[in-house]
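J.: I would like the atomic coordinates for the input below:
(one chain, ligands or ions: 1)
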Amino acid sequence: MRSSLAGAASLLFLAGVASAQDVTYAEHVAPILMENCVTCHRPGEVAPMSLLTYEDASRYARQIGVQVSERRMPPWHAAPDLRDYTNDRSLDDAEIDVIEQWVATGVKRGADALAPPIPTFNDSWQLGEPDLVLSWDSPYQVAAEGDDEYRCFVLDPKLESDQWVDVVEVIPGNRTVDHHIVIYIDQGGTIAPRRDEAEPGEGYTCFGGPGFQAYMVPGWGPGYVAAETPAGSGYLLEAGAKIVVQMHYHKNGTAQEDLTRVGLRYARRPPQRVLYNAYALGAMGFGLRIPAGESNHVVTGQYPISEDITIHSLVAHMHYLGKAMDIWATLPDGTRVDLVTVPRFDFYWQTQYGLAEPQRLPAGSVVHMEATFDNSPESPYQHSNPPREVTFGEATTDEMAVAVFFHTRDAENLSGGSPSR
Ligand code: HEC
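T.: Now for the predicted structure:
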């Protein structure tokens, strides 16, 4: 329930109209939906229903009220108020109040002329035509029914020398089944092709990752907004590197095809710094052991920082039994710095949290992670009945506790020279 203080704030917010009784779709609600919901809630997109018109929105008004009040929609899983993120999707208190008032006062339509136009959507490259576009050979056939499918496709950018990339963009081939897409680089270029050849058909089965330690670059998820690498930095793809595209397909009842495209933009000027990944692993990775039935199993991990770095974004990665993750750093003097806290982890929303203000960490700092798993029968995505002990691994029924952080090394300066490793 919202506090009476928040209620008072909403009345202030609504001071421009006569009273809360006058909240209408056209004037007050449609702007919020157009701005925050319809990227996903429109025909052909991942969300179960469109919210483009008054008819749509009023039909689902009750569910909208509930989902918005509980902060389940828009999907955003970082705890509020710890710090700001570049890709924060959450509504603010005033917007939530408007929607609650609208539902409570009879879902009024208002004058259509006051409603904002339906936005135009760009389903093509968000940051312009890439320098290189890659795809697999023929559309992958996704069956109508069955469990979610995780498949890795191996693409060859045919790089003859090391290449700086400052934008990686993905155009999902079929938004009705492409649930999320993760992109890894096989820098040596030999491991991923072997995996591919070992299995018939295009690509290979993969779930928790590509099956080997790989460099991660941005992928795609519903509502994903493409971004350039932070100023002065870039992704470094080594000569001969292969790109592994991990597709998570969520079947939708009819047979579908998918041919996803990956675009790379080459950096116009050589960046000074590489955008690296580092991983803090819970329970030292292989030590992970989650007892059957345990609803609150906590594991911790640490990553000591040995030179000055700047963190730009983070991913909290667990599988189906993941319940919460907290990622923070301690400075050399022991001060705690919050990075991202995911109090209600949801496997289906793997987000890369971009720090609005990049976090500098001096040498001697430590990145910490604490992950909580729910292996009880009530766990929302429990896959074993009865629950069984779960250990570290990349299969659907294995687990992982990984805090990935994308960072630059403050002292690195490669501009002019050739990239060093
Ligand atoms: C990033 C994509 C995305 C955005 C943005 C988004 N939704 Fe959703 N929404 C989904 C998906 C996907 C589902 C299906 C359930 C799930 O996967 O969590 C869903 C489910 C829902 C449901 C539940 C439908 C049911 O089955 O009862 C409601 C209601 C809803 N969204 C309303 C909203 C509203 C209102 C907003 C904006 C304030 C919004 N959503 C923004 C993707 C999105």
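J.: switch to C-alpha atoms for all contacts and neighbour counts from now on
T.: Noted.
J.: ok, which stretches of the stretch 1-150 of the chain are strands?
T.: Taking DSSP state E, counting those that start in this stretch as the criterion, the stretch 1-150 of the chain contains strands spanning 132-134, 140-142, 149-155.
J.: turn those into a markdown table, columns for mean pLDDT.
T.: A markdown table is the format used below for the strands of the stretch 1-150 of the chain (pLDDT from 0 to 100):
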| stretch | mean pLDDT |
| --- | --- |
| strand 132-134 | 98 |
| strand 140-142 | 96 |
| strand 149-155 | 96 |
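J.: what's the closest of those strands to Val167?
T.: strand 132-134 (10.8 Å; Cα to Cα).
J.: on that earlier part again, Ser50: which of the strands of the stretch 1-150 of the chain is closest?
T.: Between those, strand 140-142 lies closest to Ser50; by Cα to Cα that is 23.2 Å.
J.: what is the closest one packed up against?
T.: Secondary-structure packing of strand 140-142 (3 or more Cα pairs under 8 Å, 6 or more residues apart in numbering; DSSP states H and E): strand 256-258.
J.: that older thread, can I get the strands of the stretch 1-150 of the chain in CSV with mean neighbour count and distance to the ligand?
T.: Listed next are the strands of the stretch 1-150 of the chain as CSV, based on neighbours: other Cα atoms under 10 Å; distance: least, Cα to the nearest ligand atom, whole Å:
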stretch, mean neighbour count, distance to the ligand
strand 132-134, 14, 25
strand 140-142, 16, 18
strand 149-155, 23, 16
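J.: next, count neighbours for the nearest residue to Gly146 once chain neighbours are set aside.
T.: Among residues not flanking Gly146 along the chain, Lys251 sits closest, at 6.7 Å (Cα to Cα, 6 or more residues apart in numbering). By the criterion of other Cα atoms under 10 Å, Lys251 has 20 neighbours.
J.: surely Lys251 and Val177 touch.
T.: Yes - using Cα atoms under 8 Å, Lys251 is in contact with Val177, at 5.8 Å.
J.: returning to that earlier point: output the strands of the stretch 1-150 of the chain as TSV; include the columns distance to Glu197.
T.: Output for those, formatted as TSV (distance: least, Cα to Cα, whole Å):
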stretch	distance to Glu197
strand 132-134	19
strand 140-142	16
strand 149-155	10
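J.: ok, how many other residues are close to Glu389?
T.: Glu389: 14 neighbours (other Cα under 10 Å).
J.: run through the stretch 201-350 of the chain and note the low-pLDDT ranges.
T.: Across the stretch 201-350 of the chain, no stretch falls below the confidence threshold (pLDDT under 70).
J.: and the helices in it?
T.: Applying DSSP state H, counting those that start in this stretch to the stretch 201-350 of the chain gives no helices.
J.: which residues of it lie near the ligand?
T.: 222-223 (Cα under 6 Å from any ligand atom).
J.: can you give me the helices in the stretch 1-150 of the chain?
T.: Under DSSP H, counting those that start in this stretch, the stretch 1-150 of the chain gives helices at 4-13, 30-36, 54-59, 61-69, 93-104.
J.: most tightly surrounded among the ones you listed?
T.: Greatest average neighbour count among the helices of the stretch 1-150 of the chain goes to helix 93-104 (a mean of 20), per mean count of other Cα atoms under 10 Å.
J.: which other helices and strands does that one contact?
T.: helix 4-13, helix 61-69.
J.: quick one: the shortest one to chain centroid distance?
T.: With Cα atoms, centre = their mean, to the nearest Å as the basis, helix 61-69 stands 23 Å off its chain's centre.
J.: now do it and helix 93-104, the angle between them.
T.: Computed by axes from the mean of the first three to the mean of the last three Cα atoms, to 10 degrees, the angle separating helix 61-69 from helix 93-104 equals 160 degrees.
J.: do helix 61-69 and the ligand meet at all?
T.: Yes - counting by Cα under 6 Å from any ligand atom, the ligand has neighbours in helix 61-69: 63-64, 67.
J.: report the mean confidence score over stretch 50-59.
T.: Across stretch 50-59, the average pLDDT comes to 97.
J.: could you measure Thr39 against the ligand, distance?
T.: 6 Å (Cα to the nearest ligand atom, to the nearest Å).
J.: I figured that residue hits Gly223, correct?
T.: Yes - here Thr39 reaches Gly223: they are 6.0 Å apart, a contact under Cα under 8 Å.
J.: which one's more surrounded, the two?
T.: Comparing Thr39 with Gly223 by other Cα under 10 Å, the one with more neighbours is Thr39, at 23 against 17.
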